[in-house]
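how does the following fold in three dimensions:
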Amino acid sequence: MISIIIPLYNQSDKISDCLWSIKNQTYSNYEILVVNDRSTDRLSKIMSIFKKEFGYKIQFYHNQEHHGAPYSRNKGFRYSKGEFVFFCDADSVLEEKTLEIMLDTLRIHNEASYAYPNHKWGHKTMRFFPFDAEKLKRMPYIHTMAMIRREHFPQGGWDESIKKLQDWDLWLTMLDQGRTGAWIDQVLFSIKPGGTMSSWLPGFFYKIFPFLPSVKKYSKAVKIIKEKHKLL
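Numbers count the residues shown, from 1 in each chain. Below you'll find the model as predicted:
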């Protein structure tokens with residue numbers, strides 16, 4: 001079974017499309033765990049709709065305080081039961097064969113701990129490359145939305161102190177433990193711009209506009225990750 005864990009914070013305008021795309025999957029042996037991180041928008045109506053659509057396959061959890069995505073993902077993981085785990089962002093829409101293709105990839109590549117595909121961010125296609133440990137140490141290129149073998153997920157889970165580049169930190173942690181990934185050269189999901197958990201800037205911004213607040217934040221986040229994993 002696949003456990004689909006969705007951290008949710010003020011994205012009631014996007015979660016419906018995400019859940020409908022899960023409903024339309026060709027692979028159906030899954031559970032969905034939505035963790036509401038103290039959203040202030042209206043979610044009750046949406047939750048009631050999808051409770052009827054999914055029945056026992058979906059569970060909603062509510063944080064007592066706003067903690068951030070890593071906390072919500074860890075909480076969802078603790079309640080999950082699947083042998084495969086898929087951390088899904090609320091602002092994403094899956095292609096109908098996403099779960100099937102990712103699961104098949106892990107079954108074929110027994111050496112891989114997780115499978116990661118290409119995706120779209122708005123109208124831009126984010127195409128990657130085969131797993132490369134040295135490249136991973138230099139740059140983040142694997143999105144949060146990879147399918148992971150439960151037995152290989154780090155015991156400490158997501159580092160809840162990391163506020164940015166959380167996915168890079170996770171993959172580096174798994175790399176430290178000898179874990180590797182398998183690339184899927186297909187676009188399997190799309191991210192809607194403007195979400196609280198997804199952002200992107202063209203590469204040249206970081207070289208030409210180092211003074212921009214968003215670039216400064218990114219550079220600071222990179223330094224934090226590299227210091228933690230002793231990559232400086």
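
which strand or helix spans the residue nearest the centre of the chain?
Central residue of the chain (Cα atoms, centre = their mean): Thr144, 2.8 Å from the mean position. Counting by DSSP states H and E, no helix or strand carries Thr144.

which residues in the protein form strands?
For the chain, the strands defined by DSSP state E occupy 2-8, 30-36, 58-62, 84-87, 92-94, 114-121, 124-126, 147-149, 181-191.

got the buried residues for the fourth one?
Taking 16 or more other Cβ atoms under 10 Å as the basis for neighbour counts, the residues of strand 84-87 that come out buried are Phe84, Val85, Phe86, Phe87. Any C-beta I mention is one placed from the backbone N, CA and C, and that applies to glycine too.

dump these to TSV, plus pLDDT and distance to Glu160.
Listed next are the buried residues of strand 84-87 as TSV, based on pLDDT from 0 to 100; distance: Cβ to Cβ, whole Å:
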residue	pLDDT	distance to Glu160
Phe84	98	23
Val85	98	17
Phe86	98	20
Phe87	98	14
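
domain parsing of this protein, as residue ranges.
Annotated domains of the chain cover 2-198, 201-232 [automatic domain parsing].

any idea which helix is longest in the protein?
helix 213-228 (DSSP state H).

buried residues in that one, which are they?
Result for helix 213-228 [16+ other Cβ under 10 Å]: buried residues Val215, Tyr218, Ala221, Val222, Ile224, Ile225, Lys226.

one step back: least reliable of the domains of the chain going by mean pLDDT?
Here the lowest mean pLDDT among these goes to domain 201-232, at a mean of 73.

thinking again about what came up before, with distance to Trp168 added, can I get the strands of the chain in CSV?
Shown next, in CSV, are the strands of the chain (distance: least, Cβ to Cβ, whole Å):
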stretch, distance to Trp168
strand 2-8, 17
strand 30-36, 21
strand 58-62, 26
strand 84-87, 14
strand 92-94, 18
strand 114-121, 12
strand 124-126, 14
strand 147-149, 15
strand 181-191, 13
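
so which of those gets nearest Ile108?
strand 181-191 (8.0 Å; Cβ to Cβ).

contacts made by the closest one with the rest, please.
Strand 181-191 has contacts (Cβ atoms under 8 Å, 6 or more residues apart in numbering) with 21, 89, 91-95, 97-98, 101-102, 105-106, 108-109, 111-122, 125, 127-131, 142, 145-146, 171, 198.

rerun at 7 Å
Applying Cβ atoms under 7 Å, 6 or more residues apart in numbering, the external contacts of strand 181-191 come out as 89, 91-95, 98, 101-102, 105, 109, 112-121, 125, 128-131, 142, 145-146, 198.

and what of stretch 48-62?
With Cβ under 7 Å, 6+ apart, stretch 48-62 has contacts from 19, 23, 30-36, 47, 75-76, 79.

hmm, try it at 6 Å
Contact with stretch 48-62 is made by Leu19, Glu31, Ile32, Leu33, Val34, Val35, Asn36, Met47, as judged by Cβ atoms under 6 Å, 6 or more residues apart in numbering.

check contacts around the last one.
Met47 makes contact with Phe60, according to Cβ under 6 Å, 6+ apart.

quick one: it from Trp158, how far?
24 Å (Cβ to Cβ, to the nearest Å).

same deal with the second one?
In this structure, Glu31 lies at 19 Å from Trp158, with Cβ to Cβ as the measure.

coming back round to it: and the longest helix of the chain, how far out from the chain middle?
Relative to the centre of its chain, helix 213-228 is centred 19 Å away, using Cα atoms, centre = their mean, to the nearest Å.

dump the C-alpha coordinates for that helix into PDB.
The C-alpha coordinates for helix 213-228 follow below in PDB (Å, rounded to 0.1, in the frame of the first residue of the first chain):
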ATOM      1  CA  PRO A 213      15.600  39.300  -0.400                       C
ATOM      2  CA  SER A 214      14.500  36.000  -1.900                       C
ATOM      3  CA  VAL A 215      18.000  35.300  -3.200                       C
ATOM      4  CA  LYS A 216      19.500  36.200   0.100                       C
ATOM      5  CA  LYS A 217      17.100  33.800   1.900                       C
ATOM      6  CA  TYR A 218      17.900  31.100  -0.500                       C
ATOM      7  CA  SER A 219      21.700  31.500  -0.100                       C
ATOM      8  CA  LYS A 220      21.300  31.500   3.700                       C
ATOM      9  CA  ALA A 221      19.300  28.300   3.400                       C
ATOM     10  CA  VAL A 222      21.900  26.600   1.200                       C
ATOM     11  CA  LYS A 223      24.600  27.500   3.800                       C
ATOM     12  CA  ILE A 224      22.500  26.000   6.600                       C
ATOM     13  CA  ILE A 225      22.100  22.700   4.700                       C
ATOM     14  CA  LYS A 226      25.700  22.500   3.700                       C
ATOM     15  CA  GLU A 227      26.900  23.200   7.200                       C
ATOM     16  CA  LYS A 228      24.600  20.500   8.600                       C
END
